[in-house]
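Enquirer: quick one, what's the 3D model for this:
(one chain, ligands or ions: 2)
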Amino acid sequence: MSTSQTVLEQQLEYMQKVKALVGVLYGQPKACVNTFGCQQNVSDSEHIKGMLEAMGYTLTDEMDDADFVLFNTCAVREHAQDRVYGNIGITKQLKKARSNMVIAVCGCMAQQQYVADRIKKSYPYVDILFGTHVTHKLPEFLYKRLNGSPRIFDISAQNNEIIEGIPVHRDKSVKGWLPIMYGCNNFCTYCVVPYVRGRERSRTSAEIIKEAKIMIESGVRDITLLGQNVNSYGKGLDEDINFAKLLRRLNDLPGEFRLRFMTSHPKDCTKELLDTMTECEKVAHHLHLPVQCGNDRVLKEMNRHYDRDTYLSLIDYAKERMPDLALTSDIIVGFPGETYDEFCDTLSLIKEVEYNSLFTFIYSPRPGTPAAELPDPISRAEKGKWFSELLAVQDQIGKRKEKELLGKTFRVLCEEKAERDGYIIGRTNGTAVIEFEGDDALIGTFADVQVTDINNAPTGVLIKEK
Ligand code: 5AD
Ligand code: SF4
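Expert: Residues are numbered from 1 along each chain as shown. Ligands and ions are numbered 1, 2, ... in the order given. Next up is the predicted model:
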């Protein structure tokens, strides 16, 4: 048996033991999982919820109704961390009212030693803290703590093996996350992820395909492949595979569904990948290609390994191959030492590319990263002004792109009910979301919708099949 299987079996045994224990302790135990940060965390939380269900818990969104409260945290910006501290603080009172309540903190923020130290010292009501490398050991931690063990703090990073077979509770039925790799090797100078998530490691294509088939059979119609840098998928595996080949294999699976992926690093985004997107009919025409900034000096300081021209020529090629391509990106404003003139290069780049939407961030120094050591003379207030300027420019671009939808017909995946009674939310093969009048029975199917109005949000009508 491989070590991964042994580890899984141990944890499955702990799940049974916890189930017996919590049945006696709480009767019908409830768990509340609070997730912060990116889709990788959302996916990890789906596995945490899967384990909790296997341990006999039912899930609740209300912390004050729960016997087990967990915070799956994000470390990418200071603001995200501060929010978590605030939320953990709330549980102090809750625990006073429910003395058997167990509180746990995990994820990227917990993986950092200084955070673990602070929580140990200043949040004595936190029972369990564990890092990103040992998420699968939650059943063991819970069992030990419920049996009277002292508070548990485990941020060990000794093992980079992927543990397959952890139960999963999928939050949504029509859309689903499918992790294909973990970790990051890129060490962009502003980013804490490589420190808290460890080195890149890929799941085998057999495991990924097995999971994709299960998802499709259970009704998932929009699968997003997840990784910090999906373009380096396959490195280190004993099989002849890369990301483009994986996409082709998934595209060959039977059924009508869509494949998306995030995130792609521009330095590893190849023409082969863009050609594959063009040729595979199930791969959505959406490329999330974070540029971070538009100035070559700053890109170099960020350790991004591409320059503005290379990035723009990739975008040109992608647009040429897929004229209907939706483009999105991440932007950091106010990297240490960035000048206003350099920031203007970011503005001109986004005008040139015309992204459908952007994820925009003001630079946040992360302890332990090289950029946090650089002089940073521009004030937060000044960076805030640049940030607003960026949002205003993108707002105009976004509105212009939305206008282009008017009158056109799109094949949309009917994802869920809209807030408006009798309306459904559909997503195009790109990123546009169209609301239209339709029956709930459409959810989980594909339909053709013509956009008739874009005044508030894009609204359309269902084109009836002949
Ligand atoms: N400050 C601001 N934004 C950051 N990101 C990563 N690290 C930082 C930081 N220190 C942004 C990048 C990345 C996205 C996930 O978060 O744009 O692509
Ligand atoms: Fe962070 Fe860069 Fe890795 Fe993305 S590629 S997770 S920005 S280090």
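Enquirer: tell me the residues on the chain that lie near ligand 2, please.
Expert: Neighbours of ligand 2 within the chain, by C-beta under 6 Å from any ligand atom: C184, N186, F187, C188, C191, V193, P194, Q228, N229, H265. In this view, the C-beta of every residue, glycine as well, is placed from N, C-alpha and C.
Enquirer: the last one against N229, yeah?
Expert: Yes - because the distance of 4.4 Å satisfies C-beta atoms under 8 Å, H265 is recorded as touching N229.
Enquirer: touching both of these two, which residues are there?
Expert: Residues touching both H265 and N229 (C-beta atoms under 8 Å, 6 or more residues apart in numbering) are N186.
Enquirer: residues touching Q394, list them.
Expert: Q394 neighbours (C-beta under 8 Å, 6+ apart): I350, Y355, S357, L358, T360.
Enquirer: scan the residues you listed and report the most crowded one.
Expert: Y355 (24 neighbours; other C-beta atoms under 10 Å).
Enquirer: quick one, grab the pLDDT at that residue.
Expert: Y355 carries a pLDDT value of 97.
Enquirer: with T445 instead?
Expert: 96.
Enquirer: for it, what are phi and psi?
Expert: For T445, the backbone dihedrals (degrees, to the nearest 10) come out as phi -120, psi 170.
Enquirer: now the nearest residue to it once chain neighbours are set aside, what's its secondary structure?
Expert: Nearest residue to T445, sequence neighbours excluded (C-beta to C-beta, 6 or more residues apart in numbering): C414, at 5.7 Å. On the three-state scheme (DSSP: H, G, I helix; E, B strand; the rest coil), C414 is labelled strand.
Enquirer: next up, the contacts around C414.
Expert: So C414 contacts V174, I424, I425, G426, G438, L442, I443, G444, T445, F446, A447 (C-beta under 8 Å, 6+ apart).
Enquirer: filter those residues down to the buried ones.
Expert: Among those, those buried by neighbour count (16 or more other C-beta atoms under 10 Å) are V174, I424, I425, G426, G438, L442, I443, G444, F446, A447.
Enquirer: doesn't E415 make contact with the first one?
Expert: Yes - under the criterion of C-beta under 8 Å, V174 is in contact with E415, at a separation of 5.3 Å.
Enquirer: what's the overlap in contacts for those two?
Expert: Shared contacts of V174 and E415, counting by C-beta under 8 Å, 6+ apart, come down to D222, I443.
Enquirer: all the helices of the stretch 351-466 of the chain, residue numbers only.
Expert: 380-403 (DSSP state H, counting those that start in this stretch).
Enquirer: ugh, wrong one, I meant the stretch 151-300 of the chain
Expert: 193-197, 205-217, 243-251, 271-279, 296-301.
Enquirer: point out the most buried one among those.
Expert: helix 193-197 (a mean of 21; mean count of other C-beta atoms under 10 Å).
Enquirer: contacts made by that one with the rest, please.
Expert: Under C-beta under 8 Å, 6+ apart, the answer for helix 193-197 is 40, 75-76, 108-109, 111-112, 131-132, 182-187, 228, 368-369.
Enquirer: pull out the buried residues from those residues.
Expert: Neighbour counting by 16+ other C-beta under 10 Å classes 40, 75-76, 108-109, 111-112, 131-132, 182-184, 186, 228, 369 among those as buried.
Enquirer: between those, which sits nearest ligand 1?
Expert: V76 (4.8 Å; C-beta to the nearest ligand atom).
Enquirer: tell me the pLDDT of that closest one.
Expert: On pLDDT, V76 comes in at 95.
Enquirer: that one and F36 touch, don't they?
Expert: No - V76 lies out of contact with F36 (C-beta under 8 Å); the separation is 9.5 Å.
Enquirer: okay, now A392: neighbour count?
Expert: Residues lying near A392 (other C-beta under 10 Å) number 10.
Enquirer: wait, what's in contact with it?
Expert: Applying C-beta under 8 Å, 6+ apart to A392 gives no contacts.
Enquirer: phi first, then psi, for the spatially closest residue to N147 that is not a sequence neighbour.
Expert: Spatially, and ignoring its direct neighbours in sequence, N147 is nearest to L21 (7.5 Å; C-beta to C-beta, 6+ apart). Main-chain torsions, L21, degrees, to the nearest 10: phi -70, psi -50.
Enquirer: could you do N186 as well?
Expert: phi -90, psi -30.
Enquirer: also T310?
Expert: Torsion angles, degrees, to the nearest 10, at T310: phi -60, psi -40.
Enquirer: got a list of what it touches?
Expert: With contacts defined as C-beta under 8 Å, 6+ apart, T310 is in contact with P266.
Enquirer: cool, the one 4 residues further on as well?
Expert: Contacts here follow C-beta under 8 Å, 6+ apart; on that basis L314 touches P266, C269, L274, L289.
Enquirer: so where do the strands sit in the stretch 201-350 of the chain?
Expert: 201-202, 222-226, 258-262, 286-288, 326-333 (DSSP state E, counting those that start in this stretch).
Enquirer: need the residues that contact the fourth one.
Expert: Think strand 286-288. 260, 262-264, 274, 277, 318, 325-330, 429-431.
Enquirer: surely E200 and F187 touch.
Expert: No - using C-beta under 8 Å, E200 is not in contact with F187, being 11.4 Å away.
Enquirer: hmm, G219 is touching V174, no?
Expert: Yes - assessed by C-beta under 8 Å, G219 is found in contact with V174 at 6.8 Å.
Enquirer: any residues in contact with both of the two?
Expert: Contact criterion C-beta under 8 Å, 6+ apart; residues shared by G219 and V174: G444.
Enquirer: wait, what's in contact with L413?
Expert: L413 neighbours (C-beta under 8 Å, 6+ apart): V174, R221, D222, R258, G426, R427, T445, F446.
Enquirer: how about a cut-off of 6 Å?
Expert: Residues near L413 by C-beta atoms under 6 Å, 6 or more residues apart in numbering: R221, D222, R427, F446.
Enquirer: what count of nearby residues applies to the one residue in the stretch 201-350 of the chain that gets nearest to ligand 1?
Expert: With C-beta to the nearest ligand atom as the measure, D330 is the residue of the stretch 201-350 of the chain nearest to ligand 1, at 3.3 Å. Neighbours of D330 under the rule other C-beta under 10 Å: 15.
Enquirer: repeat that for I166.
Expert: I166, neighbours per other C-beta under 10 Å, totals 22.
Enquirer: ok, now how distant is it from P458?
Expert: 38 Å (C-beta to C-beta, to the nearest Å).
Enquirer: just the closest of the contacts of L413 to D309, please.
Expert: Checking these against D309 with C-beta to C-beta, the nearest one is R427 at 32.8 Å.
Enquirer: who's in contact with the closest one?
Expert: So R427 contacts V412, L413, E415, V433 (C-beta under 6 Å, 6+ apart).
Enquirer: please name the bridge partners of the second one.
Expert: Translated: L413. Per DSSP bridges, the residues bridged to L413 are R427, F446.
Enquirer: for it, give its distance to ligand 1.
Expert: 25 Å (C-beta to the nearest ligand atom, to the nearest Å).
Enquirer: what does the pLDDT read for that residue?
Expert: Note on L413: pLDDT of 97.
Enquirer: the contacts of R427, buried ones only, as a ChimeraX selection?
Expert: Filtering the contacts of R427 down to the buried ones (16+ other C-beta under 10 Å) takes a single ChimeraX command:
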select :412,413,415
